[in-house]
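K.L.:
show me the folded form of this:
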Amino acid sequence: MNWFEMHVPDARTKRHLWITQVPFAHAVTVLLASQHREKFSRESEYPSADSSTKREHFILNKAWEYQMKTFRKDWDAVDVDKESLRALEERMFEVSKQAGRAGYYQWGLDAGDHQDKWFPYANVPDSWDHGDGEFQDSDGDELQVRCSA
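P.N.:
Numbering: from 1, shown residues only. Model prediction:
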């Protein structure tokens, strides 16, 4: 990553264009080929009698296979849309000092009761309550419904 940031124009400000894309995967493949060259060249199918180009191609293919087996365990099972929605919901429903009063079970209080008395926080994971908030409702002000017309 340092190499990209030092040698590729605007790489630091545009990480999203390369950090999870083909250039980064290629860089990791080249690194693994360098680190495991000796191991890969001891394999029975290594083309030791062929040209240096074919040997290098073999090493790179083995490095790619190694990368896919080692680092790509559950990538196919990841649902990016679902993970993004989960992250958004966590930010919307978290109870934390960072969220402040807005994070103190405030979702929907400005509109009054929801249909069938639905409580938006009913199935929120416990981990979304960070336990660092300093909320008081002694005067009823924290949980007061405020409707603006």
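K.L.:
so His16 lies in a helix, does it not?
P.N.:
Yes - counting by DSSP: H, G, I helix; E, B strand; the rest coil, His16 is found in a helix.
K.L.:
what's the neighbour count on it?
P.N.:
A count of nearby residues for His16, using other Cβ atoms under 10 Å, gives 8. Quick note: C-beta positions are derived from backbone N, CA and C, even for glycine.
K.L.:
do the same with Ser96
P.N.:
16.
K.L.:
doesn't Gly103 make contact with it?
P.N.:
Yes - contact criterion Cβ atoms under 8 Å: Ser96 and Gly103 qualify, at 5.4 Å.
K.L.:
show me what the helix or strand bottoming out on mean pLDDT in the chain is packed up against.
P.N.:
Ranking every helix and strand in the chain by mean pLDDT, DSSP states H and E puts helix 2-7 at the bottom, with a mean of 76. Helices and strands touching helix 2-7, by 3 or more Cβ pairs under 8 Å, 6 or more residues apart in numbering; DSSP states H and E, are helix 22-41.
K.L.:
hmm, who's touching the helix it packs on?
P.N.:
Outside helix 22-41, the residues that touch it by Cβ atoms under 8 Å, 6 or more residues apart in numbering are 1, 3-4, 18, 46, 48, 55, 58-60, 62-64, 66-67, 71.
K.L.:
helices - which of those residues land there?
P.N.:
Trp3, Phe4, Arg55, Phe58, Ile59, Leu60, Lys62, Ala63, Trp64, Tyr66, Gln67, Phe71 (DSSP state H).
K.L.:
can you tell me the closest non-neighbouring residue to the first one?
P.N.:
Leaving aside its chain neighbours, Trp3 sits nearest to Ala27 (7.1 Å; criterion: Cβ to Cβ, 6 or more residues apart in numbering).
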